[in-house]
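Visitor: Below is the sequence, then the predicted model.
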4 protein chains.
Amino acid sequence: MIAVLKQGTTDQQQENLISWFKDMGLDVHISKGEFHTILGLIGDTTKVDIGLLESLSIIESVKRISEPFKNANRKFHTEDSVIDVNGVKIGAGNFQIIAGPCSVESHDQIIEIAKRVQASGATILRGGAFKPRTSPYDFQGLRGDGIELLLEAKKVTGLPLISEIMAINDLDLFEDVDIIQVGARNMQNFDLLRELGKTDKIILIKRGLANTMKELLMSTEYIMAGGNENVILCERGIRTFETYTRNTLDLSAVPMLHELSHLPVIVDPSHATGLSRLVEPMALAATAAGADGLMIEVHNDPEKALCDGAQSLTPDQFDTVARKVRKIREAIAE
Amino acid sequence: MIAVLKQGTTDQQQENLISWFKDMGLDVHISKGEFHTILGLIGDTTKVDIGLLESLSIIESVKRISEPFKNANRKFHTEDSVIDVNGVKIGAGNFQIIAGPCSVESHDQIIEIAKRVQASGATILRGGAFKPRTSPYDFQGLRGDGIELLLEAKKVTGLPLISEIMAINDLDLFEDVDIIQVGARNMQNFDLLRELGKTDKIILIKRGLANTMKELLMSTEYIMAGGNENVILCERGIRTFETYTRNTLDLSAVPMLHELSHLPVIVDPSHATGLSRLVEPMALAATAAGADGLMIEVHNDPEKALCDGAQSLTPDQFDTVARKVRKIREAIAE
Amino acid sequence: MIAVLKQGTTDQQQENLISWFKDMGLDVHISKGEFHTILGLIGDTTKVDIGLLESLSIIESVKRISEPFKNANRKFHTEDSVIDVNGVKIGAGNFQIIAGPCSVESHDQIIEIAKRVQASGATILRGGAFKPRTSPYDFQGLRGDGIELLLEAKKVTGLPLISEIMAINDLDLFEDVDIIQVGARNMQNFDLLRELGKTDKIILIKRGLANTMKELLMSTEYIMAGGNENVILCERGIRTFETYTRNTLDLSAVPMLHELSHLPVIVDPSHATGLSRLVEPMALAATAAGADGLMIEVHNDPEKALCDGAQSLTPDQFDTVARKVRKIREAIAE
Amino acid sequence: MIAVLKQGTTDQQQENLISWFKDMGLDVHISKGEFHTILGLIGDTTKVDIGLLESLSIIESVKRISEPFKNANRKFHTEDSVIDVNGVKIGAGNFQIIAGPCSVESHDQIIEIAKRVQASGATILRGGAFKPRTSPYDFQGLRGDGIELLLEAKKVTGLPLISEIMAINDLDLFEDVDIIQVGARNMQNFDLLRELGKTDKIILIKRGLANTMKELLMSTEYIMAGGNENVILCERGIRTFETYTRNTLDLSAVPMLHELSHLPVIVDPSHATGLSRLVEPMALAATAAGADGLMIEVHNDPEKALCDGAQSLTPDQFDTVARKVRKIREAIAE
């Protein structure tokens, strides 16, 4: 970490600052310029509160050299992490397709979709029970009943499950759900993250709509600092000025997150674009970019889906996408 | 609401759609063009799920004519709402300054600041006990102890309190806190909003970092639909590409929210800019733009503030700002 | 186009408006609701000035049903356009790789790079002579001399050329340049676009840093309305809040622009990310997404490149990328 | 400027780099950490090409300590600049209101508006002759004829003129126009800026729709580096996700630009919001924030304005705004 002192900082002020750093166990190198003095801080600077430092009147600016996230940082954990989802592995070359409906609607719906996507190669079943909706008047999900229906589908197909949590008080309902999803709007719900860090559940955390990769990794840190290292990162599109697509899928996040972190990175092309006809090209592109998996919405009757039907594939369309994805996997493997 | 049908929609499909609308109690006007047919839906369209409608294969696009928020909508409540905070009124010409430290740190700190800001004209005391921080390694607030200290300051000065909640499980702690703040990062924590809607507490809701005014008002709807109409809106800066300031204060939100809604609108110039030297000009500008109040960070020793010291005013600086704000209020009142 | 009238519009005002529309040759369908009256305009609404219409005091809002761009619109030209670059075809299944240095620096540099990228499969040579730089103190390109050096490389290798224009007064210099590039910062330099529309040169137009696809297609319309239909669209990354990458490559723009327009769409992964190590994954992803070509920066000595060296591949790295791109092409072709 | 070297940089590489810096006349201070070595560069680093430096394989990151703009920088010119517009002064406490129609439409229109705004206190007349429009099918301005009409209005009223230039080839037409405006879309049209820097005209440069203040000041540098120091900065709203307002007026840019630069800063509340009813509150807020002037659209018949009528005030509305602005000026002067 580098701290640049303002012109006019007195020797006494500089000395006070340096001893404050030394109290934190840091070494300090001083570089005196014509206009500015630069302090280089050496040691574990993760816990230096950069906001506090910047607030000091003698500080011109502060720059981190090392990233402020630790547990997710590839520097301290050079090998890819592999997350084992009830026998289904993600990461380090293990690629999985998660598929299922945006919302669980009925027994027949979820069982049918689960069987169809399994037949096409999906290895994990997704289904929303708790739905974050902008309007309180829109369908909010079947909640506990939705989880029940998912568990029935798991019993029938053997597919591990992923479903979104919205409040920590619902945690008990997720006991047999294999992956708990933290949605984009809760990416900085720090209380929820902290509580999930105390569990041993696998957590899939989606990047927030206007959040940076660093913020995603800092949120991941809330989970991992609690001792839970079972985390999967998910790129699902960010908010931009574009209006033809609902969000803008940031596929450069795939190689960039791989560089920054050892955690697996999967891509959700359905929510990103909001348009079912863009799911195939974006699924193929995500695969080519090196994603560790995909999460795709599939509905047996997209037109009657209770939410987000516009972005769901039919089981037949999904079958085609899954087949082409395997071709891309082969092409990049060679 | 207007629904535009795609070219090639059959008469049967169109009829089915129309009877679906009629089942919802809506009237439908049909306008047939060369390329498109347009359906005008008449009646209470608030509960039409626009996502579902857009997902139908025969729909080209959908446009709302009326806003999807109801309780906060000025159309159905033309007079300004006045929120009574334990005798201190906000809205409809009642202007208040909320002031206090970003974080409550100690008994002496909060008592001293409370007395100083009260002497300068602040009528409500702010203080953070639960702090949302990007990094789990940064100071997270004194939590329950912080609320205790705030209550002591209330006892000494008589000032009503505002403090931020981060999880509904902490609600009991806020029994004697007069205004519960929902922070920018929780603006779309719908579970929290829904639970707050079941209480009778005054809720100040801050606009999210990358959220629109419509989204703010839809989140407000989660609170109000539950029966709690005691809501104050707060503009605190949005995320833009600018880096010299932390966020970009959107002052046009003040007159625009006043046009859209009957709820009071206050402005937080401290978090918006992140720079104490910009607080004065932005406080004056917000006042000139017609805000119903200001929320300003004040610290007796900003350099030692445990968070966000860079944006805090000293009590003396606050005194100057409060005095100038009153001058602007007089200038626009004439 | 749909125009929604405000409550309180008088019959006389409505009649005046309708006759104004009829004077423009439009038919008008009227749909009267409880609160609003909706006018559906039928006919060629491309030339209705939407800003002017929205400004009328009786108008609540206006919505276009048809897109405001015509010449580039796939609705009126359903087959993919093929652009013939001196015998090298782009579009409708013809895929080309454009490669070369960010800036032309010397005779030896451009000749060597041209030969190397040609050997690896590039079919068009890029090279910057006029460089748009944020700072006037940064290297601005060799300008006319740079064009001369490019022409020498064309003579040696036979590769067609692409280079960026910054001012219409330099047009003469581009006589033997095969494709004229309009850079992101000039995407809305309407005077430049209008003048290029009067030429018969092939124009590659890059999407602006904060521009939507609709704005890109409207800028394209400036060129095409002048009679020049030789236009190639280029996605090169848009500005977002992300800082690890320079810009965010929007690959969903590839299928979306293909849906909206018949023009070829190529992708520039070098400028988008600003990082040479992300060029390969993004080039593969763009190919998988269905791009009609790629534009990649290659430098024989990236560390000494006079601009943007950080994003340039070495000729060896480019050779690998080109080979893998061909594999992806095969995978999606089957 | 600080350069952080990557781990594994050899002594030889480090020495080479240091002698490269020394060749540029810079002194180098070395600070060796456990993981990184930091070089502090001392001297005039304005001309170090930061992109080139970042591209070197041994460089981890680079940080400027001093701003890269020089001529506009307050550090080297501590007093406010005053721009003298034909006797009308802007800056250093001199506050002016520029008013007039978006587009010049006719002799009678411009003369009438000019007289009305002059009577209400405007001291400079604005009027668009060359109009940048997103669509080539929208009204593009009267061009040369529009300038002629402006000059007639100047003759009648004595008001100095401001009008927008779009191409350097039109420069001759602006001989008697007192201020040349560079619009938001041309803020990074570097060729135009460079040419304007060779003239002695007063240039008002508007901040681009998605540009930062630093980029605005770097563009200003293109003009000033050519020797033309007569520059006025203009905040006119930036692009955000908000849709109720056309753009988001960034009023914190007023005090921030004043801190960074000695140039006058004016605010255009008309284009920023796109809504005439928001012009008054935003004009008052801009004044309270310390702007050196305002630029406001006024039209004698806003409903028939050929462009941007929705944001124009009537002369009577303008009279009210101008009067209230004077009250705010008095309130902040005391």
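Guide: That came through fine.

Visitor: going forward, measure contacts between C-alpha atoms and count neighbours the same way
Guide: Fine.

Visitor: list the contacts for residue A:116?
Guide: By CA atoms under 8 Å, 6 or more residues apart in numbering or on different chains, the residues touching residue A:116 are residue A:315.

Visitor: Tell me the spacing between it and chain C.
Guide: Taking CA to the nearest CA, to the nearest Å as the criterion, residue A:116 is separated from chain C by 24 Å.

Visitor: Next, that residue: phi, psi?
Guide: phi -60, psi -50 (degrees, to the nearest 10).

Visitor: Which residues of the stretch 1-150 of chain A lie near chain D?
Guide: A:4, A:29-34, A:38, A:40-43, A:65 (CA under 8 Å from any CA of the partner chain).

Visitor: how about a cut-off of 10 Å?
Guide: A:1-2, A:4, A:27-43, A:60-63, A:65-66 (CA under 10 Å from any CA of the partner chain).

Visitor: Which members of these are classed as buried?
Guide: Among the residues of the stretch 1-150 of chain A next to chain D, those scoring as buried are A:1-2, A:4, A:27-31, A:33, A:36-42, A:60-62, A:65 (criterion: 16 or more other CA atoms under 10 Å in any protein chain shown).

Visitor: follow-up on the earlier one: give me the subset of the residues of the stretch 1-150 of chain A next to chain D that lies in strands.
Guide: In strands, judged by DSSP state E, the following of the residues of the stretch 1-150 of chain A next to chain D are found: A:2, A:4, A:27-32, A:37-42, A:60-63.

Visitor: So what's the gap between the worst-scoring helix or strand of chain A on mean pLDDT and the chain middle?
Guide: Least confident helix or strand of chain A, by mean pLDDT, DSSP states H and E, is helix A:50-55 with a mean of 75. Here helix A:50-55 is found 28 Å from its chain centre; the criterion is CA atoms, centre = their mean, to the nearest Å.

Visitor: Could you export that helix as PDB, CA atoms only?
Guide: Once non-C-alpha atoms are left out, helix A:50-55 reads as follows in PDB (Å, rounded to 0.1, in the frame of the first residue of the first chain):
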ATOM      1  CA  ILE A  50      -8.500   2.600   3.500                       C
ATOM      2  CA  GLY A  51     -11.400   5.000   4.100                       C
ATOM      3  CA  LEU A  52     -10.000   6.000   7.500                       C
ATOM      4  CA  LEU A  53      -6.500   6.500   6.000                       C
ATOM      5  CA  GLU A  54      -7.800   8.700   3.200                       C
ATOM      6  CA  SER A  55      -9.700  10.800   5.600                       C
END
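
Visitor: Which strands or helices does it pack on?
Guide: Applying 3 or more CA pairs under 10 Å, 6 or more residues apart in numbering or on different chains; DSSP states H and E, one finds that helix A:50-55 contacts strand A:2-5, strand A:59-63.

Visitor: Which other helices and strands does the first one contact?
Guide: Which is strand A:2-5. The contact analysis (3+ CA pairs under 10 Å, 6+ apart) places strand A:2-5 against strand A:27-32, strand A:37-42, helix A:50-55, strand A:59-63, strand D:2-5.

Visitor: if we can go back for a sec, mind giving me JSON lines with the helices and strands packed on helix A:50-55 and columns for distance to residue D:109 and mean pLDDT?
Guide: Compiled in JSON lines, the helices and strands packed on helix A:50-55 are given as follows (distance: least, CA to CA, whole Å; pLDDT from 0 to 100):
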{"stretch": "strand A:2-5", "distance to residue D:109": "57", "mean pLDDT": "85"}
{"stretch": "strand A:59-63", "distance to residue D:109": "52", "mean pLDDT": "82"}
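
Visitor: For the stretch 1-150 of chain A, which residues are neighbours of chain B?
Guide: Going by CA under 10 Å from any CA, the residues of the stretch 1-150 of chain A near chain B are A:46-58, A:68-69, A:130-139.

Visitor: just the buried members of those residues?
Guide: So, by 16+ other CA under 10 Å, the buried ones in the residues of the stretch 1-150 of chain A next to chain B are A:46, A:48-56, A:58, A:68-69, A:130-139.

Visitor: okay, now residue A:297: neighbour count?
Guide: Neighbourhood size, residue A:297 [other CA atoms under 10 Å in any protein chain shown]: 29.

Visitor: Name the helix or strand for it, please.
Guide: Residue A:297 is part of strand A:293-297, with elements assigned from DSSP states H and E.

Visitor: What helices and strands are in contact with that strand?
Guide: Contacts defined by 3+ CA pairs under 10 Å, 6+ apart place strand A:293-297 against strand A:96-100, strand A:124-126, strand A:231-235, strand A:265-267, helix A:269-273, helix A:276-288, helix A:315-333.

Visitor: Quick one, which of these gets closest to residue C:93.
Guide: Closest to residue C:93 of the helices and strands packed on strand A:293-297 is helix A:276-288 (CA to CA; 15.3 Å).

Visitor: Restricting to C-alpha, output the closest one in CSV.
Guide: What follows is helix A:276-288 as a C-alpha-only set of coordinates in CSV (Å, rounded to 0.1, in the frame of the first residue of the first chain):
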residue,chain,number,x,y,z
SER,A,276,-34.4,-16.5,-25.0
ARG,A,277,-33.1,-16.1,-28.5
LEU,A,278,-29.8,-14.7,-27.2
VAL,A,279,-29.2,-17.6,-24.7
GLU,A,280,-27.6,-19.9,-27.3
PRO,A,281,-25.0,-17.5,-28.6
MET,A,282,-24.2,-16.2,-25.1
ALA,A,283,-24.0,-19.8,-23.7
LEU,A,284,-21.5,-20.7,-26.5
ALA,A,285,-19.5,-17.5,-26.0
ALA,A,286,-19.3,-18.1,-22.2
THR,A,287,-18.1,-21.6,-22.8
ALA,A,288,-15.5,-20.4,-25.2
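
Visitor: Let me know the angle separating that helix from helix C:276-288.
Guide: 140 degrees (axes from the mean of the first three to the mean of the last three CA atoms, to 10 degrees).

Visitor: would you put the C-alpha positions of the strand holding residue A:297 in PDB?
Guide: Output of strand A:293-297 as PDB, limited to C-alpha atoms (Å, rounded to 0.1, in the frame of the first residue of the first chain):
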ATOM      1  CA  GLY A 293     -20.400 -23.900 -16.000                       C
ATOM      2  CA  LEU A 294     -23.600 -22.400 -17.200                       C
ATOM      3  CA  MET A 295     -26.900 -21.700 -15.500                       C
ATOM      4  CA  ILE A 296     -29.800 -21.700 -18.000                       C
ATOM      5  CA  GLU A 297     -33.500 -21.200 -17.600                       C
END
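
Visitor: Tell me what angle that strand forms with strand A:96-100.
Guide: Calculated by the same axes, to 10 degrees, strand A:293-297 forms an angle of 10 degrees with strand A:96-100.

Visitor: Residues of the stretch 151-300 of chain A that sit close to chain D?
Guide: Within reach of chain D by CA under 10 Å from any CA, the stretch 151-300 of chain A has these residues: A:239-242.

Visitor: one more time with 8 Å
Guide: So far as CA under 8 Å from any CA goes, the stretch 151-300 of chain A lies against chain D at A:240-241.

Visitor: how about the strands of the stretch 151-300 of chain A, start to end?
Guide: Using DSSP state E, counting those that start in this stretch, the strands of the stretch 151-300 of chain A run over A:161-165, A:179-182, A:202-206, A:231-235, A:265-267, A:293-297.

Visitor: of these, which approaches residue C:19 most closely?
Guide: In terms of CA to CA, the element of the strands of the stretch 151-300 of chain A nearest to residue C:19 is strand A:293-297, at 48.4 Å.

Visitor: average pLDDT across that closest one?
Guide: Strand A:293-297 comes out with an average pLDDT of 97.

Visitor: Retrieve the pLDDT associated with residue A:308.
Guide: Residue A:308 is assigned 61 on the pLDDT scale.

Visitor: Likewise for the one 5 residues further on?
Guide: According to the predicted model, the pLDDT of residue A:313 comes to 93.
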